[in-house]
Structure formats: structure tokens, C-alpha cells
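J.: fold the following and give me the result.
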Amino acid sequence: MGTFFNTRGLITSTKMKIRKYSTTLVITIFWVCSGFSQQSYNLNECIQIAFENKKILRSAQIDVQSAKKGVAGSKSGYLPSINMTANSGRTQFPELNSVTYDFSDFSSDTTQLDHTNNMSAGLSVNQNIYNGGRTRNTVKQAKSNLAIATLNQRQTKIQVIQNVVKSYYGLLQAQELLDVAENNLELSNQQVSLVIQQFDLGAVRKTDLLKAEVAKGQGRVDVLNRKTALNNARRQLFNHMGMMDFGQSINAVSDKWSGTIVPSSSEALRLLKTKNPSLLIQKKRITLNELQIQLTKGLRLPSVGASMNYSAVGEDSETLMDSFKDDWRLGMNISLSVPIYSGNSISIQKQQAHLALQKSNNNYITLLNDLKVQVELIRNSLENYSEIIPINLDVVVSAEEDLKLAKERYSLGSASILEVLDAQVSLIRTKSTLINSIHEARIQEMNLKALLGVLDLEYKNE
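T.: You can find the predicted model right below:
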């Protein structure tokens, strides 16, 4: 029968392993196969994937759970302690024999061993009545630590979102720049074909053909560089989403730039003080230092406690049980402890607590000033981008029209190849500038929301 159960357990274990390996294989095949097709994700989907996969978020959640246990444990100071004791002992002692001593025979045994047995059992209850507010302040400290753990969890979540947003827009930027480079290469190919036809007809010189070939070569180099940048951006996004990279393709999709609403300085400062996790954590540390001062003050206050003891004693288990009925003992005590002198330890602890409080206040002011400067810098950048990007849009339209006219004039022989190439380079430059400006504006917008502590509020765990 034992062999049967061992074999059954082995079969069950083997089935579980096969199921696990099969699941992993299916996931692997899915992602490998998805590499042959373009997978499109919007920003919110990428962030939700990161919420599910990033282990650092789970570690932050564990810290919160541990802090909750700390709060529950700190409340134990309000509860009584109950102890049960049981003892069993045997005492041996010599007993003198009542015989006449024979001093000529020192080898004679004049004693024998005797013994007594004793057993005892009891129950004691101890209750702290007053200890200078140390228990109450300890509970407040535990709650402050829980608040800090929760804020650290928010901060970790914001960092994860920031990484995903930055890499997502980086992928979107790389895609758009690659599209520009590929369009430029296509224009260069068309231009070379046109110049070859005109060169064969003797309408243009060979230098025009060489210049067109140079532009085509530069376009090919640009495309290769953009493909490499796109591949790197893809890998970075997968890493920030916590996904395994099997070489699968991913396509970032986003709405067109529609501008951003920049909060006023007063509104930004209000959000900064009330929502930013780093500032709120620093505030909680100030609270912890204040509570530590209260704890050191409580060491100088008297402590009051009460206890109750119920016990019985007997020679054996039977007499012990009888003692619990007829010969038990009940004691109730109230104790008062007043600290008089304990060296300089309490005063030194109090001084250290005051110094720690001063340090925390200084750190808070320094951090607040640093963040205020960062917020104002980003606000100014966003206001600048809100003016630059519309101008860049108009410049792109003008560059496209300029290239179109240059190509028409060149086909009619009224413009040189240099004019066409200059117009083409101008279009590439203006499009790239527009894409980079929009990318930087989106990143700055995300950074501002992160500083103000509202970025994580926009992306909830689904």
C-alpha cells in the first residue's frame, strides 16, 4: 500500500511539472510567433502589464503588509499578559540514624538519605495601567511607519509608470523618426531615378547624378541608424514592462499632440505639498521624531501596573488538585515605579531626539525648495513647448510645400539639384524637430505629474 501511494504521488508531481513546462512553452511560442506580427499597445495597456509583472511593486506591497502587522503588534501593549506556570521538584537530604557512635570504626554509616516531593501550578495575569504614554506613542509610531510604507509604495508605482511612459514615448519617437527616414529614402530613390532619366537624355550634368546618389546613401545610413534605435527602444520598453524579450515586435500608438494644461504656480505648489510622496514621507519622519521625543519624556514618568496570581502547591498530582479546591492562593498586586536616577541615558536620548527632529525639518525644507525649482523649470518648459510646437507644425507644412515646388521647378529645368536636396533636407530636419519637440513635451508633462504626485492617480491597477 505504501508503494502505491508513493507511485501515485510521483505521477501527480510529474503531471504538475509537465503542465508547468507546457504552460511556459505555450507562452514562449506565443511571444515568438507574435514577433512575426506587429503587436499594437496603447500607453495604458503597457502600464497595466508593468503593474502585473514588476516584482518591485510586489516587494512594496509586502512592506505595507509588514507595516500593518507592526501596527497590530504595537497595540499589544494595551492588552494584559497571561502566564501559566507548573513546577515539579524532588529534594533529597541526609537524615541521621539514632545509633551510638563508635569512634573506633570510622567506616560505619551513620546517615541515610531522605527526600520530599513538591509540585506547584499557577496562573498569573499582568496588566499595564500607565507607563507615561509610551504604549500610546508606540502605536502612533507604528501607524506612521505604515503611512510611510504606503507612500513608498506610491513612490515605487510612480517610478514604474515613469519608466514605462518614458520608454513608450521613446519607442513612439523612434517609430516616427524611422518613418521620416524611410520617407526620405523613398524620395531619394525617386530623385535618383529622375536624375538618371534626365542624365540619359543629356538634360543634366553628372554632378547632379552624383549628388543624388550621395543623398540616397545618406538616407540609407539614416534608416539603418533609426532601425537600431527602434530596436533598442523596443527592448527598453519590454524591460520596463517586466516582459521577456523574444524578439517580438511592438507598435506604440498615441493620439496626436493636442497641447497640455500647465497648472499655475500656486496650484502646482498646493499639489506638491499635498500629493508628492517624497514630501509626505519627510513629513511623516518629522512626526516620528516628535513621537520619539514624547517617548523619551515618558521614561521620566511613573509606571503603574497590576497583577493577579492564582496558585496551589502539593506533594503530588492528587494533592495538587485537592489544593486547587481547598488550599489555593490568590494574590492581587498594584505596583508603582518612579524613576529617580538612571545616569544620563534618558537626557542623552532626549537630546538626540531633538537633534533628529531638527535634521528632519531641515531635510523637509531643502527637499521642498528643490522640488519647487524643478516644478517651475518644467512649467516654463511646457509653456515654451506650447508655443514652439504649433510653430513647428506650420514650418513642416511650409517645408513640404517648398519641396513640392522645388521638385516641380527641377523637372522643368528651372531649378538645380541642390535646391531640391536642400528642400528635402529642410523637410527632414523640420519633421525631426517636430517629433523630438513633441516627445520632449510629453516626457516633461509626465515628469511634472510625477513631481506633483498625481501621475499614479491617473493609472489605477485594473
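J.: ok, the longest strand along the chain: who's next to it in the sheet?
T.: Assignment by DSSP state E gives strand 111-130 as the longest strand of the chain. With DSSP bridges as the test, strand 111-130 is paired with strand 81-96 (antiparallel), strand 303-314 (antiparallel).
J.: just say which of those is most tucked in.
T.: Mean neighbour count (mean count of other C-beta atoms under 10 Å) peaks for strand 303-314 among those, with a mean of 16. Just so you know, the C-beta spots here come from the backbone N, C-alpha and C atoms, and that holds for glycine as well.
J.: give the contact list for Leu151.
T.: Leu151 makes contact with Pro277, Leu280, Ile281, Lys284, according to C-beta atoms under 8 Å, 6 or more residues apart in numbering.
J.: helix or strand for the closest residue to the third one other than its chain neighbours, which one?
T.: So the one you mean is Ile281. Counting by C-beta to C-beta, 6 or more residues apart in numbering, Ile281 lies nearest to Leu151, which is 4.8 Å off, once chain neighbours are set aside. Using DSSP states H and E, Leu151 sits in helix 134-200.
J.: can you pull the buried residues of the helix or strand just after that helix?
T.: Later in the chain than helix 134-200, the nearest helix or strand by DSSP H and E is helix 206-241. Buried residues in helix 206-241, defined by neighbour count with 16 or more other C-beta atoms under 10 Å: 208-209, 211-212, 215-216, 218-219, 222-223, 226, 229-230, 233-234, 236-238, 240-241.
J.: before we move on, what about stretch 446-456?
T.: Using 16+ other C-beta under 10 Å as the test for burial, stretch 446-456 gives Met446, Asn447, Leu448, Lys449, Ala450, Leu451, Leu452, Gly453, Leu455, Asp456.
J.: and which of the residues you listed is nearest Ile428?
T.: Nearest to Ile428 among the buried residues of stretch 446-456 is Met446, at 27.2 Å by C-beta to C-beta.
J.: output the contacts of Leu151 in JSON lines; the columns should cover pLDDT and neighbour count.
T.: Shown next, in JSON lines, are the contacts of Leu151 (pLDDT from 0 to 100; neighbours: other C-beta atoms under 10 Å):
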{"residue": "Pro277", "pLDDT": "96", "neighbour count": "21"}
{"residue": "Leu280", "pLDDT": "96", "neighbour count": "19"}
{"residue": "Ile281", "pLDDT": "96", "neighbour count": "19"}
{"residue": "Lys284", "pLDDT": "96", "neighbour count": "20"}
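J.: out of these, who's nearest Gly89?
T.: Among the contacts of Leu151, Lys284 lies closest to Gly89 (C-beta to C-beta), at 53.4 Å.
J.: pLDDT below threshold where in the protein?
T.: 1-38, 93, 95-115, 461-462 (pLDDT under 70).
J.: and the residue nearest the centre of it, what is it in contact with?
T.: Nearest to the geometric centre of the chain sits Thr156, at 2.6 Å (C-alpha atoms, centre = their mean). Thr156 makes contact with Ile56, Leu57, Ala60 under the criterion C-beta under 8 Å, 6+ apart.
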